[in-house]
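Visitor: Structure of the sequence below:
(one chain, ligands or ions: 1)
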Amino acid sequence: MTFEPFRIKSVEPIRRTTPEQRKRLIEAAGFNMFLVAADDVLIDLLTDSGTGAMSTEQWAAMMRSDESYAGSPSFRRFADAIQAITGFKNVIPTHQGRAAEHILFSVMCRKGDVVPNNMHFDTTRPNCEFMGAEAVDLPIPEAQEPACPHPFKGNMDTARLTELIERVGAQRIPLVMITVTNNGGGGQPVSMANIKVVKEICSRYKIPLYLDACRFAENAYFVKLREAGYGASTPREIAQEMFRHADGCTMSAKKDGLANIGGFLCTNDDSKAVAAKNLLILKEGYPTYGGLAGRELDAIAVGLNEALEEDYLEYRVGLTAYFGNRIAEAGVPIVQPPGGHAIYIDARAFLPHIHPTHFPGSALAAELYIEGGIRSFEMGTLVFGKRGLDGVEQPGPMDLLRMAIPRRVYTQSHIEHVIDTILKVWRRREQVRGLELIYQAPTLRHFTARFRRAGVSAQA
Ligand SMILES: Cc1ncc(COP(=O)(O)O)c(C=O)c1O
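Guide: Predicted structure coming up:
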């Protein structure tokens, strides 16, 4: 692995706590990592969204920014940077990715429509359903097999896409989306070949293709590393080609925009852009700031280009792979191959004695917190399962524990601590107990759910 391609100019202290203190803290938080205070966490791998460190160039750009309500030069720099990478005609700033999704689906979808995606993220699905449309996931079969080392597990199943369009009719499908990389499916990339075939199918049926582009730079780097014919291309050239196959995109700049807030919607469809901007004015702000400060637009303009630097991507993808490979070599079951922004542990395989209805992912998250102060994110039964009116829990398809790595924040020795912690828990995994859900909100329950330890009788 290459060393971190940056020096550290400004530091934030990490407050140490003991396992005994953390045991009390996690119990008080109802065993829900979202309810733990950030300063009680040693290494925070809850999300890579908005948690990155900005560069000196980004801070300098923020100082140079302009806060005019209309026509700010900060917007011009923002739009220029996005257009140079994506080539899209219309750039619409939003306060974050989900706002771009809400606006896109509002102007594209009607009740009864169907929106295919390789995998809708947990904000895209409800935003699509909010319009009365059906969100359909079409991952390739390998995406459901954590141990399968397919190089492009984020790919869409193109046979199922054609079958779906034939079955429901193209007039009911206002757009097709591809999420790069596929966050819900393990941060796995989508190949250029797959994007091209999806575009060909969409063109045949006159359906526009949009990218959920949050991690476009990481996806481009995986194409460079893994897809024949791209080894000599730069990540920027690959990203430009990915966007050329699409008609628009939504983006959370909190990921590969290397910013702490922000997002955008792009489209080549001028009439949809007009409708989107009208809604933007109502919901987000004037089209040259869209809910963002001028300084945030400038930070994103610089961040999008830094995210495409090859040194940075080599370090980023290399660190994630180092982390994943080290724990996998010791036997820890992870989603293979390691993704771009995160390592996903297969908690069902890690803790086979805990039945999925007793939340092995959340139980493992609590254990890693107690052992080493690490915060992670359950992407399993709590997020994708459901509790029926009869109180019976229906498990999600998998119980994954996501450990997302903030960009440019942690060094390799922080990651060594994470590896040591996971391996300590791995060695005593039979002693880890499941959890009983005692509170859930009606929607997006993972943010506020509360648990207690399951009794011995609750084990499978
Ligand atoms: C693939 C994907 N799409 C959309 C979003 C939503 O972005 P935001 O959190 O900025 O609203 C996320 C955020 O994690 C994501 O990972």
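Visitor: alpha carbons only for contacts and neighbour counts from here, please
Guide: Fine.
Visitor: Kindly report the residues of this protein close to the ligand.
Guide: Counting by C-alpha under 6 Å from any ligand atom, the chain comes close to the ligand at 49, 96-98, 121, 123, 179, 183, 212, 214, 252, 254.
Visitor: Quick check: chain neighbours aside, which residue is closest to the residue of the stretch 351-460 of the chain found nearest the ligand?
Guide: Relative to the ligand, the nearest point of the stretch 351-460 of the chain is Ala404 (10.3 Å; C-alpha to the nearest ligand atom). Once flanking residues are discounted, Ala404 sits nearest to Ala342: 4.0 Å by C-alpha to C-alpha, 6 or more residues apart in numbering.
Visitor: Could you tell me how far that neighbour is located from Leu401?
Guide: Counting by C-alpha to C-alpha, to the nearest Å, the gap from Ala342 to Leu401 is 10 Å.
Visitor: contacting residues around the least confident helix or strand in the chain by mean pLDDT?
Guide: Within the chain, no helix or strand scores below strand 386-387, which has a mean of 88 by mean pLDDT, DSSP states H and E. Applying C-alpha atoms under 8 Å, 6 or more residues apart in numbering, the contact partners of strand 386-387 are 393-396.
Visitor: after it, next one along is what?
Guide: Note on strand 386-387: by DSSP states H and E, the next helix or strand toward the C-terminus is strand 393-394.
Visitor: what's the longest helix in the chain?
Guide: Ranked by residue count under DSSP state H, the longest helix found in the chain is helix 310-329.
Visitor: average pLDDT for whichever helix or strand comes after that helix?
Guide: Of the helices and strands lying after helix 310-329 in sequence (DSSP H and E), the nearest is strand 342-346. Per-region confidence: strand 342-346 scores 96 on mean pLDDT.
Visitor: and what of stretch 241-260?
Guide: Here stretch 241-260 scores 98 as its mean pLDDT.
Visitor: what about it, how long is it end to end?
Guide: Taking C-alpha to C-alpha, stretch 241-260 runs 27 Å from one end to the other.
Visitor: Mind putting the residues of the chain next to the ligand into CSV with distance to Ile261?
Guide: As requested, the residues of the chain next to the ligand are exported to CSV (distance: C-alpha to C-alpha, whole Å):
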residue, distance to Ile261
Ser49, 9
Gln96, 6
Gly97, 9
Arg98, 12
Phe121, 18
Thr123, 16
Thr179, 19
Asn183, 18
Asp212, 17
Cys214, 12
Ser252, 8
Lys254, 5
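Visitor: In helices, which of those residues appear?
Guide: Per DSSP H, helices hold the following members of these: 97-98.
Visitor: Now for the residues of the chain next to the ligand, which sits with the most neighbours around it?
Guide: With neighbours defined as other C-alpha atoms under 10 Å, the most crowded of those is Thr179; it has 32 neighbours.
Visitor: which residues of the stretch 1-150 of the chain fall in helices?
Guide: Assigned by DSSP state H, counting those that start in this stretch, the helices in the stretch 1-150 of the chain fall at 19-28, 56-63, 73-86, 97-108, 124-130.
Visitor: Pick out the residue closest to the middle of this structure.
Guide: Nearest to the mean C-alpha position of the chain, by C-alpha atoms, centre = their mean, lies Asn183 at 4.2 Å.
Visitor: can you pull the pLDDT of that residue?
Guide: With respect to pLDDT, Asn183 scores 84.
Visitor: Now it: closest residue in space that isn't a chain neighbour?
Guide: Leaving aside its sequence neighbours, Asn183 sits nearest to Phe121 (C-alpha to C-alpha, 6+ apart; 6.7 Å).
Visitor: and if you look at Met62?
Guide: Sequence neighbours aside, Arg295 is the residue nearest to Met62 in space, at 4.4 Å (criterion: C-alpha to C-alpha, 6+ apart).
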